[in-house]
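Student: With the sequence up front, the predicted model follows.
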Amino acid sequence: MRNLISANKRTRKSGINLVIPTGAIILIIGSIALFKGAEGLNRNLSNKIDSVDISLIWETGDYDRIIELTEKQLEKEPLDTIALIYCGFSYFYKGVSQVSNERAIPLLNRSIFLLRKVLIQDQIPMESRIHYILGKAYLHKNYYYSDLAVFHLNTSVEDGYINEDSYEYLGQSYSLLGDYENSIKYYLKALQINATDMLYLKISEDYIKNRMYDNSEKYLKLMIDTTRDELLKKKGLFQLANLYYDMKNYSVAETVLLELIVLEKSNENYHFLLGEVYFFLDDIPKARSEWHKTARINPKHVGALRRLYG
């Protein structure tokens, strides 16, 4: 098998469109985060490929050009290992940078197809990293593939490839499967590598689902205290208010909701929940006042209308 993929000389002389070298790729799961790990590919494959061109193009992050070159190579040699790896990884990183699932899914599907072809070969370079990318690709497709994400990510970790986000992705995969004990286990491991406000929020959510309310409160407060993202802070405060409400700690829930309303006066959810809190505190005038505020913000709010007129 020939392990040579090269751009033609005319292209090299005229140059290609360079982008800033990056080891972080945009991630879409609720919000935009960063991917790391792309920069290590040439170092790991340098002894497997003797063309300078493909290595230089990889360093620029020009995944379209890499896909063009490797797809041509695969037309001639469908099982060219190096072409499959470069092409599969490029489709993955291009896929996760898309702004919509409609655009991302075909790219992720192509990445999965190519990388699985590598895994059927006798000699597999970078096998653990391929499992890592496959795990992430399956998770990005949708939650129906969470079991495959768990399998490939676990295989990668067991083989010794642990990237900065490996444990967080494992936690998320287990969470989608409803296995909250394992999701929390891996989220806590991820915290030891890189503690982030989003990670605090994920842990707190799974503690709630696992009925471990005290631990959920702890990590919600950590997220609220450390985040610089106002939207995330409001989300955490509202989740904390709901947590206190579920625990029947109505006075503390009231305090949190009043803080939220200072931050965002026109949020119907804050006023409705505050009305519920006052209802269980036996302060019916205040409860009705909050439900009326809710209905003024959203005249079709079912909960408020039922409380007021049902």
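Tutor: Looks like it came in fine. Remember, predicted model here, so these are calculated numbers, not experimental data.
Student: Please tell me I have it right and residue 245 contacts residue 277.
Tutor: Yes: Residue 245 sits in contact with residue 277 when judged by CB atoms under 8 Å, with a separation of 6.3 Å. Glycine gets a C-beta too; all of them are placed from N, C-alpha and C.
Student: between these two, who's got more neighbours?
Tutor: Neighbour totals were compared for residue 245 and residue 277, and residue 277 leads with 26 against 20 (other CB atoms under 10 Å).
Student: Tell me which helix or strand comes right after the longest helix belonging to the chain.
Tutor: Ordering each helix of the chain by length in residues (DSSP state H) puts helix 101-119 first. Using DSSP states H and E, the helix or strand that follows helix 101-119 in sequence is helix 127-141.
Student: quick one: that next one to helix 101-119, angle?
Tutor: 150 degrees (axes from the mean of the first three to the mean of the last three CA atoms, to 10 degrees).
Student: Report all helices and strands that helix 127-141 contacts.
Tutor: helix 81-95, helix 101-119, helix 146-158, helix 166-176 (3 or more CB pairs under 8 Å, 6 or more residues apart in numbering; DSSP states H and E).
Student: any common contacting residues for residue 245 and residue 277?
Tutor: residue 253 (CB atoms under 8 Å, 6 or more residues apart in numbering).
Student: so where's this structure shaky on pLDDT?
Tutor: 1-52 (pLDDT under 70).
Student: hmm, 50 instead?
Tutor: 1-37, 46-50, 52 (pLDDT under 50).
Student: can you map out the strands along it?
Tutor: Ranges of strands in the chain, per DSSP state E, are 26-29, 31-34.
Student: Reformat the helices and strands packed on helix 127-141 into CSV and put mean neighbour count and distance to residue 301 next to each item.
Tutor: What follows is the helices and strands packed on helix 127-141, written out as CSV (neighbours: other CB atoms under 10 Å; distance: least, CB to CB, whole Å):
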stretch, mean neighbour count, distance to residue 301
helix 81-95, 25, 39
helix 101-119, 18, 30
helix 146-158, 20, 34
helix 166-176, 24, 30
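Student: Nearest to residue 250 among the ones you listed would be which one?
Tutor: Closest to residue 250 of these, according to CB to CB: helix 166-176, at 29.1 Å.
Student: need the contact list for the spatially closest residue to residue 175 that is not a sequence neighbour.
Tutor: Distances taken as CB to CB, 6 or more residues apart in numbering put residue 183 closest to residue 175, at 3.8 Å, once the chain neighbours are dropped. Going by CB under 8 Å, 6+ apart, residue 183 touches 171-175, 206.
Student: what about 10 Å?
Tutor: Residues near residue 183 by CB atoms under 10 Å, 6 or more residues apart in numbering: 170-177, 202-203, 205-207, 209-210.
Student: next one: residue 242
Tutor: By CB under 10 Å, 6+ apart, the contact list for residue 242 reads 208, 253, 256-257, 269, 273.
Student: 8 Å instead?
Tutor: 253, 273.
Student: quick one: the helices in the stretch 201-310 of the chain?
Tutor: 213-226, 230-246, 250-263, 268-280, 284-297, 302-309 (DSSP state H, counting those that start in this stretch).
Student: May I see the buried residues of the fifth one?
Tutor: To tie it back to what came earlier, the one meant is helix 284-297. Buried positions in helix 284-297, judged by neighbour count with 16 or more other CB atoms under 10 Å: 286-288, 290-291, 293-295, 297.
Student: That one to helix 302-309, inter-axis angle?
Tutor: Using the same axes, to 10 degrees: helix 284-297 against helix 302-309 is 130 degrees.
Student: just checking, what packs against helix 284-297?
Tutor: helix 268-280, helix 302-309.
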